[in-house]
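K.L.:
test case, fold it:
(2 chains)
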Amino acid sequence: MSESEEVHQNLEEKKNPSGFFDSYTETSLAYDASRCINCKRCTQVCPHAVFAEGREHVELARPASCMECGACALNCPVQAISVQSGVGCAWAMIGAALRGKDMDTECSCGGDDGSCCSTTSKKSPDQGCGCGGAEEKTECSCGKKALD
Amino acid sequence: MNENGPVGSSCSCQASSGESSCSCGISQIRTTDSTITFANRLDHFLARMGWKRENHRVDPGLYQLGNPTAESPVFASANYTLSFDALRSSLNGFDGWILVLDTKGINVWCAAGKGTFGTDELVKRIQVTGLADVVTHRKIIVPQLGAPGISWPEVLRQSKFMVEYGPVRARDLPEYLKTHKATPAMRKVEFPLWDRLVLTPVEFTHIMWPMVIAAAVLWFLAGPFAALAAVAAVVAGTVLFPALLPIIPTRDFSTKGLILGVVVALPFAWLFSTTPGLPAWAQLTGAAATLLIIPAVVAYLALNFTGCTTFTSRTGVKKEIFRYIKVMAAMAVLGSLAGIALGVSRLLRAI
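P.N.:
Take a look at the predicted model:
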């Protein structure tokens, strides 16, 4: 993605100087407003109102609220948004680290790389989360588990 | 789940024999309704308790709800009973079609994150069910939380169906369907007290047996209060922490857990520091071990709750791991060493 001035500007906004005991001030979300065609799909799919409708293109209104679910990037028809999507799940990441695997690729489900867990997994697809064989928890330990 | 055989089926293929073998236009259409029976509620309760978590499933495929026509709306859902039942019960009084994707018994959001509720499965399910021959329009209402797995341009290209993202919660559908426009509130995910509390039984049961063993060992080595401290630490980390999440100071889960852990540890530390008949150094060591181990355990459990929340980003959680795991480990090791020293000296004196 080409980094326009807008991207840098938005990155600056994300830096919260009062981030003491706050690890959640920055995310991997990057938005190139110059590519935006104002279809507003991102405003429909974002569960945290990170994007807001603007005059000619959507605005990156609340970047620090991004949870990196990847819905916006996947549903942007012109690739104006990029984000390293993944589930923010300490259990899965610590488990991966302990088993000597890459924390980033383990169960980095969703997003552009698609279905890492189910379709490409050699494990039984009937396992709840076949992600990297982490079977401590039977369902996807990546949470959001009991929501509908 | 409410299978009334092939309704409106134009062919003889069996749903159970696999989708690929069906060559005709429309495969089996099942029938469902909006009624939540006692059996459904029991199933929901067991799912929340973590009982046979994989087995709360609905058969994937196309369902008719009410008396839908070729113009009636199509709703996508997951084959997890809680997801499917939330959808069909919310559509009470509506006529429509429900396309249940095979998400291996996982809810929409989690499955979308893993890609099982995804573009490929949606396109495949549209084709397998012959949806294009059932309805005349080319629109499918997908729950908003399915979006992390769905690329609408790809679905359109591969299936000619246009994805319309409905509200986050199925219960908002009746309001949404009036205008097909979601309000900002319908688009936002919250994490209220009840949503946090329903997760706690599963969190607790995951760690229950290690806790029972630790409590038994502690009871034998250090008495009933030490065993109670182990139970208190786990309950604090898996039940109290989710309940109190927004009101515990600081933003990081680890620091929240440390703070809660110290609060929980203080009564026990006071108890051990005033144990009669022990030398002062033993009293202090006992208190120190308590103040080191309990906060470390609670903080670790708290950090693991990130996977259950609706808002933590991967970048942030990773940062937390790098920041705090070493601290937690050091506290736990130091506390354990203190406890072991105490236990050994006690055993030696007993001998």
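K.L.:
low-confidence stretches in chain A?
P.N.:
Low-confidence segments of chain A (pLDDT under 70): A:1-19, A:104-148.
K.L.:
let's go with 90 and repeat that
P.N.:
Counting by pLDDT under 90, the ranges of chain A that qualify are A:1-20, A:85-148.
K.L.:
per-domain residue ranges of chain A.
P.N.:
Following automatic domain parsing, one finds the domains of chain A at A:5-82, A:86-143.
K.L.:
state the distance from B:E164 to chain A.
P.N.:
From B:E164 across to chain A, the span is 9 Å (C-beta to the nearest C-beta, to the nearest Å). For the C-beta atoms, the positions are set from N, CA and C on the backbone; glycine is no exception.
K.L.:
which helix or strand contains that residue?
P.N.:
Per DSSP states H and E, B:E164 falls inside strand B:162-165.
K.L.:
identify each buried residue in that strand, please.
P.N.:
B:163-165 (16 or more other C-beta atoms under 10 Å in any protein chain shown).
K.L.:
same check on stretch B:218-237?
P.N.:
B:218, B:221-222, B:225-227, B:229-230, B:232-237.
K.L.:
which one of the residues you listed is nearest chain A?
P.N.:
Among the buried residues of stretch B:218-237, B:G237 lies closest to chain A (C-beta to the nearest C-beta), at 12.6 Å.
K.L.:
report the contact partners of the closest one.
P.N.:
Listed by C-beta atoms under 8 Å, 6 or more residues apart in numbering or on different chains, the contact set of B:G237 reads B:207, B:257, B:260-261, B:297-302.
K.L.:
show the buried residues in those.
P.N.:
Neighbour-count burial (16+ other C-beta under 10 Å) applied to the contacts of B:G237 gives B:207, B:257, B:260-261, B:297-302.
K.L.:
can you say which two of those residues are spatially most distant?
P.N.:
Spanning the widest gap among the buried ones among the contacts of B:G237 are B:I207 and B:L260, at 15.7 Å by C-beta to C-beta.
K.L.:
the spatially closest residue to B:P184 that is not a sequence neighbour is in what secondary structure piece?
P.N.:
Of all residues not flanking B:P184 in the chain, A:A49 sits nearest, at 6.5 Å (C-beta to C-beta, 6 or more residues apart in numbering or on different chains). If you go by DSSP H and E, A:A49 is not part of any helix or strand.
K.L.:
A:A49 touches A:P63, doesn't it?
P.N.:
No - under the criterion of C-beta atoms under 8 Å, A:A49 is not in contact with A:P63, lying 11.1 Å apart.
K.L.:
follow-up on the earlier one: TSV please, covering the buried residues of stretch B:218-237 and showing pLDDT and secondary structure.
P.N.:
Below are the buried residues of stretch B:218-237 laid out as TSV (pLDDT from 0 to 100; DSSP: H, G, I helix; E, B strand; the rest coil):
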residue	pLDDT	secondary structure
B:L218	90	helix
B:L221	83	helix
B:A222	83	helix
B:F225	92	helix
B:A226	92	helix
B:A227	95	helix
B:A229	96	helix
B:A230	96	helix
B:A232	97	helix
B:A233	97	helix
B:V234	97	helix
B:V235	97	helix
B:A236	97	helix
B:G237	97	helix
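K.L.:
re earlier: TSV for the contacts of B:G237, including secondary structure and pLDDT?
P.N.:
Formatted as TSV, those follow (DSSP: H, G, I helix; E, B strand; the rest coil; pLDDT from 0 to 100):
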residue	secondary structure	pLDDT
B:I207	helix	92
B:G257	helix	97
B:L260	helix	98
B:G261	helix	98
B:V297	helix	97
B:V298	helix	97
B:A299	helix	97
B:Y300	helix	96
B:L301	helix	96
B:A302	helix	96
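K.L.:
perfect, I'm done here.
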